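Engineer: Provided below are the primary sequence and the corresponding predicted coordinates.
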4 protein chains.
Amino acid sequence: MYYTNYMNQDPSQYQYELEFSVRDYECDLQGIVNNGVYLNYFEHARHTFLLQKKIDFAGLHQEGIDLLVSRIEIDYKLSLTSGDLFVVRLKTSREGALRLIFEQDIFKLPENKLVAHAKVIGVGVKRGRPVRLVDIPGFNELI
Amino acid sequence: MYYTNYMNQDPSQYQYELEFSVRDYECDLQGIVNNGVYLNYFEHARHTFLLQKKIDFAGLHQEGIDLLVSRIEIDYKLSLTSGDLFVVRLKTSREGALRLIFEQDIFKLPENKLVAHAKVIGVGVKRGRPVRLVDIPGFNELI
Amino acid sequence: MYYTNYMNQDPSQYQYELEFSVRDYECDLQGIVNNGVYLNYFEHARHTFLLQKKIDFAGLHQEGIDLLVSRIEIDYKLSLTSGDLFVVRLKTSREGALRLIFEQDIFKLPENKLVAHAKVIGVGVKRGRPVRLVDIPGFNELI
Amino acid sequence: MYYTNYMNQDPSQYQYELEFSVRDYECDLQGIVNNGVYLNYFEHARHTFLLQKKIDFAGLHQEGIDLLVSRIEIDYKLSLTSGDLFVVRLKTSREGALRLIFEQDIFKLPENKLVAHAKVIGVGVKRGRPVRLVDIPGFNELI
């Protein structure tokens, strides 16, 4: 995006991070990563974080529990382009009995410039009905 | 999503609408449209709306002006799945000299159930610097 | 692609056709539709063709039968780009008891220029084992 | 796919390899990686291979030379699914003055089972006309 925010954020304030590099097919005709692709990056970071906590998105689906995004907010600060390296960092918190909040930041490497910030609200659903976080296997240890 | 919102919105309050159907490759392992794909739907509706107003996203890029998303908020209300028909409706407004706001709603057809609501902030950038909306060819008539 | 093939093919030799328009997010940094996106177009045309024949890809999956692509060949003749309209036409044939062949052509509209040709081999699988085409609900009428 | 091919291929016969893991958003409603996504994997491996040889796909585009896929053949042998690790291996050869052939194999790790084999024909184009491989910066050393 058109303004540049230098934030050399302290990685220790996050619970997890995952490095990526831009793949050329993720860039659109403007030569930059398309805005929709960031949701892929954010999702993949959330799922590998959860897996590390022994929570398997695909496995839960097979047990009938679906983890869904109910709201997402993204501020795009800087564009990623072909060849860029970046890291997605995240931390979680709970909101009420049903909502898991992910704060996710993307930083371009090696400068650690903030690229995008997202707040993602996730919920669990079983047979169409909301599931309390404590009733989702693995989530009690998570938060 | 786990709750259902019946909103038989009045189409006349929007400036534009475009119909889509879900393509199977857009569904993920949960059998529903992946959260990132909605940004594709929203973008395609914005671009065809702009084209109708003689504003060509690809053409502007070739003239050195890039239209970028600086912020997006999405509330996901209902999941779309294989075979679903839906419409994306939108209206625009201006915020200051630089920001174009798109309010976009997706409704499942034929019931007209609200699937997702988005607020998208778009800006124009020329050689890395913000461009006033009035200086982007075609935008003065738009808003 | 670098050469242009004028083939005003006779639509009557196909069993089915579906019109599309290029969406800007499908174009990559070269400003043309990325080579992988054509598989999405081909797949969507196959699935809507099958649906019209009362064969539901998603429904079959829920009954435990997966339709899989075992081989695909694509010749890319001409690049699609932002704003292009095109049609995917297809015809099917059977190869042995197990394989369904789709011949699929993409033509740019309105000129009817050949954009890409694909030959796709599809098979059915149930619990990891091949299923004869005649044993897949709806396929006997298909071919 | 429905049959399993155990091929513990010798990695030394390839010129390059790149490891990946499946991202959940790449799986479709069958719970497996969608057939179109493999073209993304193959492309990303080709581009990182070329970059290592100092050939930059995005940079060439800015100089007016586009590397295009003119033909692709893929045999799908085994399905990848959520959580799978795999490697894409490739080797190149030249066909005539204009065509670069990539033989690309995907192996699931750690078993080294063959998942898919592709033959990809790439060509260079400058202002709509074919470019000889020797006239593309960096390609003479490549092959």
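Structural biologist: Yep, it's here.
Engineer: any stretches of chain A with poor pLDDT?
Structural biologist: A:1-9, A:143 (pLDDT under 70).
Engineer: and the spatially most central residue of it, how far from chain D?
Structural biologist: Centre of chain A computed as the mean C-alpha position; nearest residue by Cα atoms, centre = their mean is A:Phe42, 2.9 Å away. As judged by Cβ to the nearest Cβ, to the nearest Å, A:Phe42 and chain D stand 10 Å apart. The C-beta positions use only the backbone N, C-alpha and C, and glycine is treated the same way.
Engineer: do the strand or helix carrying A:Glu103 and chain D meet?
Structural biologist: Here A:Glu103, judged by DSSP states H and E, is contained in strand A:99-109. No: against chain D, strand A:99-109 shows no contacts by Cβ under 8 Å from any Cβ of the partner chain, the least distance being 14.9 Å.
Engineer: hang on, the earlier thing: assign the residue nearest to the centre of chain A to helix, strand or coil.
Structural biologist: helix (DSSP: H, G, I helix; E, B strand; the rest coil).
Engineer: against A:Ile65, how distant is A:Phe139?
Structural biologist: Counting by Cβ to Cβ, to the nearest Å, the gap from A:Phe139 to A:Ile65 is 10 Å.
Engineer: then A:Tyr38?
Structural biologist: 26 Å.
Engineer: which one of these two has more residues nearby?
Structural biologist: A:Tyr38 (25 against 18; other Cβ atoms under 10 Å in any protein chain shown).
Engineer: which strand or helix spans that one?
Structural biologist: helix A:37-52.
Engineer: list the buried residues for that helix?
Structural biologist: Buried positions in helix A:37-52, judged by neighbour count with 16 or more other Cβ atoms under 10 Å in any protein chain shown: A:37-51.
Engineer: just stretch A:65-83 next, same as before
Structural biologist: For stretch A:65-83, the neighbour count (16+ other Cβ under 10 Å) marks A:65-72, A:74-83 as buried.
Engineer: tell me, which of the residues you listed make contact with chain D?
Structural biologist: A:Thr81, A:Ser82, A:Gly83.
Engineer: looks like A:Asp105 contacts A:Leu78 (just checking).
Structural biologist: No: assessed by Cβ atoms under 8 Å, A:Asp105 is found out of contact with A:Leu78, at 11.7 Å.
Engineer: common neighbours of those two, please.
Structural biologist: Contact with both A:Asp105 and A:Leu78 is made by residues A:Leu114, A:Ala116, according to Cβ atoms under 8 Å, 6 or more residues apart in numbering or on different chains.
Engineer: the nearest residue in space to A:Leu51 that is not next to it in sequence is in what secondary structure piece?
Structural biologist: Nearest non-adjacent residue to A:Leu51, counting by Cβ to Cβ, 6 or more residues apart in numbering or on different chains: D:Gly83, 7.2 Å away. D:Gly83 belongs to no helix or strand when assigned by DSSP H and E.
Engineer: where along chain A do the strands fall?
Structural biologist: Under the criterion DSSP state E, strands of chain A are mapped to A:16-21, A:65-76, A:85-95, A:99-109, A:113-126, A:129-131.
Engineer: make a markdown table from those strands and add distance to chain B to it.
Structural biologist: Below are these laid out as a markdown table (distance: least, Cβ to the nearest Cβ, whole Å):
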| stretch | distance to chain B |
| --- | --- |
| strand A:16-21 | 15 |
| strand A:65-76 | 4 |
| strand A:85-95 | 14 |
| strand A:99-109 | 11 |
| strand A:113-126 | 5 |
| strand A:129-131 | 5 |
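Engineer: ok, back up a step: out of the ones next to chain D among the buried residues of stretch A:65-83, flag the one nearest to B:Gly128.
Structural biologist: A:Thr81 (12.5 Å; Cβ to Cβ).
Engineer: beta partners of that closest one?
Structural biologist: Note on A:Thr81: beta-bridge partners by DSSP bridges are A:Ile32.
Engineer: same question for A:Leu68.
Structural biologist: According to DSSP bridges, beta-bridge pairing links A:Leu68 with A:Val123.
Engineer: again with A:Val88
Structural biologist: Going by DSSP bridges, A:Val88 forms beta bridges with A:Leu18, A:Ile106.
Engineer: contacting residues for it?
Structural biologist: Shown in contact with A:Val88 (Cβ under 8 Å, 6+ apart): A:Glu17, A:Leu18, A:Phe20, A:Tyr41, A:Phe42, A:His44, A:Ala45, A:Gln104, A:Asp105, A:Ile106.
Engineer: repeat that for 6 Å
Structural biologist: A:Leu18, A:Tyr41, A:Ala45, A:Ile106 (Cβ atoms under 6 Å, 6 or more residues apart in numbering or on different chains).
Engineer: so which of these is the closest to A:Val33?
Structural biologist: When the contacts of A:Val88 are compared against A:Val33 (criterion: Cβ to Cβ), the nearest one is A:Tyr41, at 8.5 Å.
Engineer: distance of the residue nearest to that closest one when sequence neighbours are not counted relative to A:Gln104?
Structural biologist: Leaving aside its sequence neighbours, A:Tyr41 sits nearest to A:Val88 (Cβ to Cβ, 6+ apart; 5.6 Å). A:Val88 sits 6 Å away from A:Gln104, going by Cβ to Cβ.
Engineer: again, but for A:Ile136
Structural biologist: If you go by Cβ to Cβ, the gap between A:Ile136 and A:Gln104 works out to 20 Å.
Engineer: these two: who's more crowded?
Structural biologist: A direct count of neighbours by other Cβ under 10 Å for A:Ile136 and A:Gln104 places A:Gln104 higher, at 25 against 19.
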